[in-house]
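1. Sequence first, then the predicted structure, then my questions.
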Amino acid sequence: MKDRICVGAIAGSFGVKGEVRLKSFCAEPEAIDTYGPLSSEDGNSSWDVKVTRPVKNGFAARLSGVRSKEAADALRGTRLYAPREKLPDLPDDEYYHTDLIGLTVFDTGGVELGRVKAVLNHGAGDLLEIAFKGEKQPVLLPFTVANVPTIDLGAGKAIADLPDGLLDRE
């Protein structure tokens, strides 16, 4: 999946003429239709996408081949992927979430702590969900330069400087 990046998701239909409500995960949300055609997660379906206008929590958009409300509703929850080569290159201090998932996490002393399972964002910034060795539950680490000063994608590792109390259990 590293050759494709999730750039959005279909939240359902918009209106009765086959438009979809589209959530964009792009840094420039309105640019989502410039990376197409976009495909489903399994790669079995793809669509040319045309954003028609902004709507609450996203955009109204037309997808090639989708002509009815029922067809648009059937795509609800579909995540949309773009080929990596169509996406912009990122500055040195920015990363596509898919590149962070699976990194081995080490502390600043070189001790392996675990692996990045997911990258989450609930509105206040990115969080790394890390499956720590010896912990039953994953730990959420704010993805900041202070907490994660080093990312080495080539080596597949991240260096974490854990905040005091992060792994304390009551």
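-> Received it, and whenever you're ready, just let me know what you need.

2. For stretch 58-77, buried residues please.
-> 58-63, 66, 69, 72, 75 (16 or more other C-beta atoms under 10 Å). Any C-beta I mention is one placed from the backbone N, CA and C, and that applies to glycine too.

3. Can you give me the end-to-end span of stretch 72-89?
-> Start-to-end span of stretch 72-89 (C-alpha to C-alpha, to the nearest Å) is 32 Å.

4. Domains in this structure, by residue range?
-> Domain segmentation of the chain under automatic domain parsing yields 4-86, 97-160.

5. Using JSON lines, lay out these together with distance to L166.
-> Formatted as JSON lines, the domains of the chain follow (distance: least, C-beta to C-beta, whole Å):
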{"stretch": "domain 4-86", "distance to L166": "27"}
{"stretch": "domain 97-160", "distance to L166": "6"}
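
6. If the spatially closest residue to H97 that is not a sequence neighbour is in a bridge, with which residues?
-> Using C-beta to C-beta, 6 or more residues apart in numbering and skipping the chain neighbours, the partner closest in space to H97 is V119 (4.0 Å). Under DSSP bridges, the beta-bridge partners of V119 are L128.

7. What distance do you get for V119 to Y81?
-> Distance of V119 to Y81, computed by C-beta to C-beta, to the nearest Å: 16 Å.

8. quick one, which of these two is more surrounded?
-> Y81 (22 against 17; other C-beta atoms under 10 Å).

9. wait, that one sits on D3?
-> No: the pair Y81 / D3 is not scored as a contact, 9.4 Å apart, by C-beta atoms under 8 Å.

10. Next, the buried residues of stretch 37-57.
-> 37-39, 46-47, 49, 51.

11. and if you look at stretch 97-105?
-> Buried residues in stretch 97-105, counted by 16+ other C-beta under 10 Å: 97-101, 103, 105.

12. Just give me how far the helix or strand of the chain with the lowest mean pLDDT sits from the chain centre.
-> Ranking every helix and strand in the chain by mean pLDDT, DSSP states H and E puts helix 97-100 at the bottom, with a mean of 89. Mean-position distance between helix 97-100 and its chain equals 8 Å (C-alpha atoms, centre = their mean, to the nearest Å).
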